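>>> I need the structure of the sequence given here:
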Amino acid sequence: MKHARRRHNRLRARVASTTGALAVILSAGVGSATAAGKGTGTPVTAAAALDDAAQAPHQAAALDAAQAEGLVPSLDDEAHVPPGQAAPGQAAPPDAAPAPAPGQLTLPAPTGRHRVGTVDLHLRDSKRMDPWVPGQQRELMVSLWYPATHTSRYPAALLPNSQQVLPGGVTLPTTAGHTGAPVDRKAGKLPVLLYSPGLHGSRATGTALVQDLASRGYLVVTLDHTHDSGDVVFPDGRHEVNMMPPGSKSRDTIAVRAADTHFVIDQLAKIADGHNPDVEQKPLPHGLTDAVSTKRIGMFGASLGGGSVAAAMHADSRIDAGVNLDGQLFGSSVDKPLDRPFMMFSSEHHNRNSDRSWARFWKNLHGERLDLKLRGSGHNSFTDCQALCPQAPGAFGMTPPVLEQALGTIDPNRSIEVQRTYIAAFFDKHLRHRHSHLLDGPSHHYPEVDFIR
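Alright, predicted model coming up:
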């Protein structure tokens, strides 16, 4: 039994090391659902981390702890193509998604009726200092994803990430978004959804879900939490990396994220009032001002991002509904009553029966509450690793056992389909008043989803 446990622990450590490669590329928080938030101001060199994990597994043990939490930053941007620009020698993609180049990863196409637009905004909070770097005002990069029209006239956007090329020449996917495309007025007023990534994670890590929700008629705002995220690139070319001090507490990290979220909602309200909050005054997509509806707001996140949703809802009553994708909760929000709708969506081996923070939080939910489990899934199934890692496991240094440990046994496309369906149904019900019997209980159409009563 002891030998079996040691083998299991070694496998978990190997998962930490190799899935850390995804953290390097996408700055994702790919540790376990219950990982505590630890920070570092002196991250391991990203290139070395990738080389060790992918090419020298026996020498990667020293990186396990750092990579498990996604502490290593993104690679430098030698091969970076700025989001929204065509790669050298390539024309802007047509309206339909172009066929991927050899070695290029892909994300599942959105399923909604709308085409998708996107724009990155640089925001500065003049009333708040950065909690991780003394003497700096708080600055954020966010991406807005929305229903769009005339998308063939606008370039297809790359993932908002500082590095586009993985080991072996594998490249990250082109998204379904088109940079700066006009908002589709036929979509009407757009409910807002906010997305927070995992610990040290990038706003790019939930794009499979994000662009699908935009295609269904939502304005989805993804946040980079500067100096928590592994690498945030600003319009002037600055790279702001993780600067959280060693021993940083997850409850403090979550409090910062809640404040970031509150500030971003304020900036959306400014857009709705006809103002442009972008620091460089980048032109906003045509029609955005008239489309933003800050009277209907939801929030979701994965891992620590999911664990941050409750705190953000307690800090800002404008958030009407929340979804936590497999994230442990920390801080006072666990024990505070919450009277707004909330859905917890867990992986196969994580739920309120095994996570005391979920059990305590469940007792304090006084609005509609749902506790779902996705059979066969792993903690990383709720990030873009679900779509990307199986396509090129070698580029992430992942062997088949490691891949299964990280993502479970569920079919990747099916996993993403199920997540998209249930998340959309939840927000449709509570932000659009479109009731779905899907949320009433188990469905024979989706036998992978357990309702935990």
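
>>> Count residues in the vicinity of Asp335, would you?
By other Cβ atoms under 10 Å, the residues close to Asp335 number 12. For the C-beta atoms, the positions are set from N, CA and C on the backbone; glycine is no exception.

>>> List the contacts of it.
Taking Cβ atoms under 8 Å, 6 or more residues apart in numbering, we find Asp335 in contact with 360-361, 364.

>>> do Pro447 as well
Arg375.

>>> what's the weakest-modelled helix or strand in this structure?
One helix or strand of the chain scores below all others by mean pLDDT, DSSP states H and E: helix 46-55, with a mean of 25.

>>> From the contacts of Asp335, list just the buried residues.
361, 364 (16 or more other Cβ atoms under 10 Å).

>>> any chance of the contacts of Asp335 in CSV, with distance to Arg257 and pLDDT too?
Shown next, in CSV, are those (distance: Cβ to Cβ, whole Å; pLDDT from 0 to 100):
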residue, distance to Arg257, pLDDT
Arg360, 20, 98
Phe361, 17, 98
Asn364, 20, 98
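
>>> can you list contacts of stretch 142-149?
Residues outside stretch 142-149 that contact it (Cβ under 8 Å, 6+ apart) are 112, 114-121, 123, 154, 160, 177-178, 181-187, 190, 203, 210-211, 213-215, 217-224, 264, 285, 288, 291.

>>> Okay, and which of those residues map to strands?
Counting by DSSP state E, the part of the contacts of stretch 142-149 found in strands is 115-121, 123, 177-178, 190, 219-224.

>>> Go through the contacts of Asp335 and say which is closest to Asp231.
Phe361 (31.2 Å; Cβ to Cβ).

>>> Can you name the next helix or strand after the host helix or strand of the closest one?
Take DSSP states H and E as the rule and Phe361 turns out to sit in helix 356-363. Once the chain leaves helix 356-363, the next helix or strand it forms, by DSSP H and E, is strand 369-374.

>>> hmm, which of the contacts of stretch 142-149 are the buried ones?
Applying 16+ other Cβ under 10 Å to the contacts of stretch 142-149 flags 112, 114-121, 123, 154, 160, 177-178, 181-184, 187, 190, 203, 210-211, 213-215, 217-224, 264, 285, 288, 291 as buried.

>>> ranges for the helices of this protein?
Ranges of helices within the chain are 2-26, 46-55, 64-68, 207-215, 250-272, 288-291, 304-307, 309-315, 356-363, 385-388, 400-407, 412-432, based on DSSP state H.

>>> Kindly report which one of those carries the lowest mean pLDDT.
Here the lowest mean pLDDT among those goes to helix 46-55, at a mean of 25.

>>> coming back round to it: put together JSON lines for the contacts of Asp335, with distance to Gly305 on each row.
Formatted as JSON lines, the contacts of Asp335 follow (distance: Cβ to Cβ, whole Å):
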{"residue": "Arg360", "distance to Gly305": "20"}
{"residue": "Phe361", "distance to Gly305": "16"}
{"residue": "Asn364", "distance to Gly305": "20"}
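
>>> and which of the contacts of Asp335 is nearest Cys389?
So of the contacts of Asp335, ranked by how close each gets to Cys389 (Cβ to Cβ), first place is Phe361, at 29.5 Å.

>>> I figured the closest one hits Ala310, correct?
Yes: counting by Cβ atoms under 8 Å, Phe361 touches Ala310, with 6.5 Å between them.

>>> Between the two, which contacts overlap?
Residues touching both Phe361 and Ala310 (Cβ under 8 Å, 6+ apart) are 329, 333-334.

>>> Just the buried ones from those residues, in PyMOL syntax?
Buried residues among the shared contacts of Phe361 and Ala310 (16+ other Cβ under 10 Å), as a PyMOL selection:
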select buried, resi 329+333+334
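
>>> and the gap between Ile297 and Gln386?
According to Cβ to Cβ, to the nearest Å, Ile297 and Gln386 sit 26 Å apart.

>>> Check Thr222 too.
Taking Cβ to Cβ, one finds Thr222 at 17 Å from Gln386.

>>> One more: Phe263?
Distance from Phe263 to Gln386, counting by Cβ to Cβ: 30 Å.

>>> Between these two, which is the more surrounded one?
Higher neighbour count among Phe263 and Gln386: Gln386, with 25 against 19, using other Cβ under 10 Å.

>>> My guess is the more buried one contacts Ser415. True?
Yes: counting by Cβ under 8 Å, Gln386 does reach Ser415; the two are 5.3 Å apart.

>>> what is in contact with the two at once?
In contact with both Gln386 and Ser415: Leu407, using Cβ under 8 Å, 6+ apart.

>>> which intervals of the protein have sub-threshold pLDDT?
The chain contains residues with pLDDT under 70 at 1-102.

>>> burial of Gln328, as a residue count?
23.

>>> Hmm, it is touching Arg356, no?
No: with contact defined as Cβ under 8 Å, Gln328 does not reach Arg356; the gap is 9.3 Å.

>>> Can you mark which positions in stretch 134-153 are buried?
Neighbour counts over stretch 134-153 (16+ other Cβ under 10 Å) mark 138-149, 151 as buried.

>>> Could you export that stretch as PDB, CA atoms only?
Output in PDB follows, covering the C-alpha atoms of stretch 134-153 (Å, rounded to 0.1, in the frame of the first residue of the first chain):
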ATOM      1  CA  PRO A 134       5.000  49.200  -4.000                       C
ATOM      2  CA  GLY A 135       4.800  52.700  -5.600                       C
ATOM      3  CA  GLN A 136       2.900  51.600  -8.700                       C
ATOM      4  CA  GLN A 137      -0.700  52.300  -9.500                       C
ATOM      5  CA  ARG A 138      -2.800  49.300 -10.200                       C
ATOM      6  CA  GLU A 139      -2.900  48.500 -13.900                       C
ATOM      7  CA  LEU A 140      -4.800  45.700 -15.700                       C
ATOM      8  CA  MET A 141      -5.100  44.200 -19.100                       C
ATOM      9  CA  VAL A 142      -8.500  42.800 -20.000                       C
ATOM     10  CA  SER A 143     -10.000  41.300 -23.200                       C
ATOM     11  CA  LEU A 144     -13.600  41.900 -24.200                       C
ATOM     12  CA  TRP A 145     -15.300  39.200 -26.300                       C
ATOM     13  CA  TYR A 146     -18.700  40.000 -27.900                       C
ATOM     14  CA  PRO A 147     -21.100  39.200 -30.700                       C
ATOM     15  CA  ALA A 148     -19.800  40.900 -33.800                       C
ATOM     16  CA  THR A 149     -20.700  41.600 -37.400                       C
ATOM     17  CA  HIS A 150     -18.700  42.200 -40.600                       C
ATOM     18  CA  THR A 151     -15.900  40.100 -39.100                       C
ATOM     19  CA  SER A 152     -14.400  39.300 -42.500                       C
ATOM     20  CA  ARG A 153     -13.000  42.800 -42.600                       C
END
